[in-house]
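J.: output the structure for:
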Amino acid sequence: MKLRFLFSLFFALAVFSLSAQSNVRGWYADGQVWIVWEASLPIAESYGIFARPTPFTSTTDAIPVGRPFYWEYLGGALKTQVDTSLTFRIPNGQGGLYQLAPNEGLFVFTPHQAGALWFAVVRPGETAVTPGTNLTQSAVPFQYDPVGDPVECHLQAVFPSPFSSNYTCLAYFMWADGRQAQWDNRPDFPVMANVAKNGMPSLFMVAIPPGLDTTQPFPMTIWLHGGGGEARQSLPGSRPIVNLKSLEGIVVAHNDDLIGWRGEVPPNQDQPSWHFGWRKNYNPFNSNNLPTEVDTIVNYTQRRYIWIDSWLMRHFNVDPARINLNGHSMGAAGSTALAKAFPDHYATVTLFNNGFGGPESG
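T.: Reported below is the predicted structural model:
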């Protein structure tokens, strides 16, 4: 998976600038603020995003609002699971769409009130902010209307299932609102990450069978992948042994994608949350990030899955009484926890190669 992403980056290097990140700009659309910049070489492992209501020349005078890893700001999951040539496609703030260039990075900020902020994009270890280079040219205005202008998921690609070409697949992304207070949410959008993972992108895929009658409510089958897996593995035709080819409804394949240091293991895409969540005080940027004596594990991933289900029910003719949950290995563990936490949400739960090891001796 990572090799496919690096392969695509190799061919994109020609369009990256050798100077500092530049052309930072932003706009508001669909309940969120979209910050885009031209990345520079060498490719930064992460970029710091800073904001303030007035212009600033140093990050020490602003508030840090995000720090996406390169896998996140360049769309690594989109490239490895759908097409290596793809870049993010986002709303342009004027009713249309904007396709990022191969050398452009993306961060998404979720406001909790109307206002306007200047945004800067800075490499780790640097503090200088230069107008016209790594700072927006003006304050970016944004609205706050959870009812009339709620947060949305965003379609990135439509493609045939690579395992059964008569199924049409839709790849979506959404960007999390990360806050330290897990209940400090917008009415339309739960807190789905701690503050360190604010703006975290997440992929999910929807597979539609041939000839689906969309005039009548249809079932929705949810699939959670196993450890080391990805959403792409849960598309129709990929696992004949469990028959993923839904005939009467859609299949939704989630991606458990938490990027950050895990002890001495550097950030990579194979660091799942077991389809559940992670610690409030988890620091993804430091290898010395063991839990403190007092900490709370929050079900950030569960919240994301439930919210995506609700979003799909608003945009597809899904029968809310026929939502079926399935999981393989680690996904079985995640399915078990989801079913226990939200028993009225699912009609059935099926576990394959249960991810629980059973009680330990002693």
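
J.: please, where are all the helices along this protein?
T.: For the chain, the helices defined by DSSP state H cover 2-12, 70-73, 76-81, 300-315, 330-341.

J.: give the buried residues for stretch 345-354.
T.: Neighbour counts using 16 or more other C-beta atoms under 10 Å place His345, Tyr346, Val349, Leu351, Phe352, Asn354 of stretch 345-354 among the buried residues. Every C-beta, even on glycine, is put in place using the N, C-alpha and C of the backbone.

J.: name all residues that make contact with the last one.
T.: So that's Asn354. Ser329, Ala332, Ala333, Thr336 (C-beta atoms under 8 Å, 6 or more residues apart in numbering).

J.: distance check, the second one against His225.
T.: Here the distance between Ala332 and His225 works out to 10 Å (C-beta to C-beta, to the nearest Å).

J.: got it, and Thr350?
T.: Distance, Thr350 to His225, by C-beta to C-beta: 14 Å.

J.: quick one, what contacts the residue lying closest to Asp184 once chain neighbours are set aside?
T.: Using C-beta to C-beta, 6 or more residues apart in numbering and skipping the chain neighbours, the partner closest in space to Asp184 is Val191 (6.3 Å). By C-beta under 8 Å, 6+ apart, the contact set of Val191 is Asp177, Gly178, Arg179, Ala181, Gln182, Trp183, Asp184, Asn185, Val298, Tyr300, Arg303.

J.: one more time with 10 Å
T.: 110, 176-185, 198, 298, 300, 303 (C-beta atoms under 10 Å, 6 or more residues apart in numbering).

J.: what's the farthest-apart pair in those residues?
T.: Thr110 and Val298 (16.6 Å; C-beta to C-beta).

J.: quick check: which ranges of the stretch 101-250 of the chain have low pLDDT?
T.: Low-confidence segments of the stretch 101-250 of the chain, defined by pLDDT under 70: 241-243.

J.: on that earlier part again, can I get the buried residues of stretch 345-354 in JSON lines with distance to Asn255 and pLDDT?
T.: Shown next, in JSON lines, are the buried residues of stretch 345-354 (distance: C-beta to C-beta, whole Å; pLDDT from 0 to 100):
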{"residue": "His345", "distance to Asn255": "20", "pLDDT": "97"}
{"residue": "Tyr346", "distance to Asn255": "19", "pLDDT": "97"}
{"residue": "Val349", "distance to Asn255": "20", "pLDDT": "93"}
{"residue": "Leu351", "distance to Asn255": "19", "pLDDT": "90"}
{"residue": "Phe352", "distance to Asn255": "18", "pLDDT": "87"}
{"residue": "Asn354", "distance to Asn255": "21", "pLDDT": "75"}
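
J.: want to throw those into TSV with distance to Lys245?
T.: What follows is those, written out as TSV (distance: C-beta to C-beta, whole Å):
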residue	distance to Lys245
His345	24
Tyr346	20
Val349	19
Leu351	19
Phe352	15
Asn354	23
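
J.: what is the nearest of the residues you listed to Asn23?
T.: His345 (43.6 Å).

J.: let me know how buried Lys280 is, in neighbour terms.
T.: By other C-beta atoms under 10 Å, 18 other residues sit near Lys280.

J.: again, but for Tyr98
T.: There are 18 residues near Tyr98, going by other C-beta under 10 Å.

J.: give the contact list for the closest residue to it other than its chain neighbours.
T.: With sequence-adjacent residues excluded and distances taken as C-beta to C-beta, 6+ apart, Tyr98 is closest to Asn92, at 4.0 Å. Asn92 is in contact with Trp27, Ala29, Trp34, Tyr98, Gln99, counting by C-beta under 10 Å, 6+ apart.

J.: in the sheet, who's paired with the third one?
T.: Trp34 has the following beta-bridge partners by DSSP bridges: Trp27, Val108.

J.: residue contacts, it?
T.: With contacts defined as C-beta under 10 Å, 6+ apart, the neighbours of Trp34 are 25-28, 88, 90-93, 98, 100, 106-109, 140, 142, 154, 175.

J.: go ahead and confirm Ser46 touches Tyr70.
T.: Yes. Assessed by C-beta atoms under 10 Å, Ser46 is found in contact with Tyr70 at 6.9 Å.

J.: mutual contacts of these two, please.
T.: Counting by C-beta under 10 Å, 6+ apart, the residues touching both Ser46 and Tyr70 are Ile259, Pro267.

J.: need the residues touching each of Ala332 and His225.
T.: What both Ala332 and His225 touch, as defined by C-beta under 10 Å, 6+ apart, is the set His275.

J.: now the helices of the chain in TSV, please, with extra columns for mean neighbour count.
T.: Formatted as TSV, the helices of the chain follow (neighbours: other C-beta atoms under 10 Å):
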stretch	mean neighbour count
helix 2-12	14
helix 70-73	24
helix 76-81	23
helix 300-315	19
helix 330-341	21
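
J.: between the ones you listed, which gets the lowest average pLDDT?
T.: Among the helices of the chain, helix 2-12 carries the lowest mean pLDDT, at a mean of 48.

J.: I'd like the average pLDDT over the strand ranked longest in the chain.
T.: For the chain, the strand with the greatest residue count under DSSP state E is strand 318-328. Across strand 318-328, the average pLDDT comes to 95.

J.: what pairs with that strand, and is each one parallel or antiparallel?
T.: Strand 318-328 pairs in its sheet with strand 218-224 (parallel), strand 348-352 (parallel), by DSSP bridges.

J.: so which of those strands gets nearest Pro209?
T.: With C-beta to C-beta, the closest approach to Pro209 among the strands paired with strand 318-328 belongs to strand 218-224: 9.3 Å.
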